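Engineer: Predicted model, plus sequence, below.
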Amino acid sequence: MAQIRVVGGLVCGLTLLASVGPPAAGLAKLTGVDAALDVVIEPLMAQGHIPGLTAAVISGGAVRWTKAYGFADLEAGRRTAIDDAFAIGSITKQFTATGILLLQQAGKLRLEDALTSFLPRLPARYLAVTLHHLLSHTSCVAANLRDQAHHMDSLTGEALVAELGRRELAFEPGSRVEYSGTARSSCAWT
């Protein structure tokens, strides 16, 4: 739990630093950007026992600064590279929810739309499950598919539909609240 807070603090801190810093044109020309960010990042990495990460400052839609810290593979001694991909797990759920709400605001979908509108090969028992149910953890969709699927985040849309098709609904949609990472992952396929 402490590591989650540290990583969250690091993400928020870097976002704040990027948003209140100098204008984009000036940021690329500043000397000491590395040192200034190192003072923030390195202690957080040590405190949170984070072996490696990459950081970027993006302003005006352009990448103004990047740096890799620490190790991507401790056993092999491989240092982190700026283009390394990281398993970021549940942090993506808030972005998925925001994306759904932005699509609603743009008139491309409604929270009342059925999941089957986006994943039409789901069995009929899913007709009553809406995007609102998925986002509010009232969907009755199986809480966790990891016991059947190796990694939920690596499932393709077809594999997700097949896995959900094998599952019965846990309860009537909207009748109770039950956390479901699978529900949020289902939203990503809308």
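Structural biologist: Looks like it arrived, so ask away.

Engineer: contacting residues around stretch 132-141?
Structural biologist: 97, 100, 111-112, 115, 129-130, 164, 167, 169-180, 182-184, 186-187 (CB atoms under 8 Å, 6 or more residues apart in numbering). For the C-beta atoms, the positions are set from N, CA and C on the backbone; glycine is no exception.

Engineer: nope, stretch 73-80 is what I meant
Structural biologist: So stretch 73-80 is contacted by P51, G52, L53, T54, A68, Y69, G70, F71, A72 (CB under 8 Å, 6+ apart).

Engineer: wait, isn't the third one in contact with V40?
Structural biologist: Okay, so that is L53. No. Using CB atoms under 8 Å, L53 is not in contact with V40; the gap is 12.0 Å.

Engineer: before we move on, the earlier item: in strands, which of the contacts of stretch 73-80 fall?
Structural biologist: Using DSSP state E, the members of those that fall in strands are G52, L53, T54, A68, Y69, G70, F71, A72.

Engineer: Please identify which of L53 and V40 sits among more neighbours.
Structural biologist: Of the pair L53 and V40, L53 is the one with more neighbours under other CB atoms under 10 Å, namely 21 against 16.

Engineer: Give me the spatial nearest neighbour of that one, chain neighbours excluded.
Structural biologist: Spatial nearest neighbour of L53, chain neighbours left out: Y69 (5.3 Å); criterion: CB to CB, 6 or more residues apart in numbering.

Engineer: Please name the residues that touch the one you found.
Structural biologist: Y69 makes contact with I41, E42, M45, G52, L53, T54, A55, T80 under the criterion CB under 8 Å, 6+ apart.

Engineer: so how far is T92 from it?
Structural biologist: According to CB to CB, to the nearest Å, Y69 stands 21 Å off from T92.

Engineer: Next: G60.
Structural biologist: According to CB to CB, G60 and T92 sit 24 Å apart.

Engineer: neighbour-wise, which of those two wins?
Structural biologist: For the pair G60 and T92, the greater number of neighbours falls to T92 (14 against 9), based on other CB under 10 Å.
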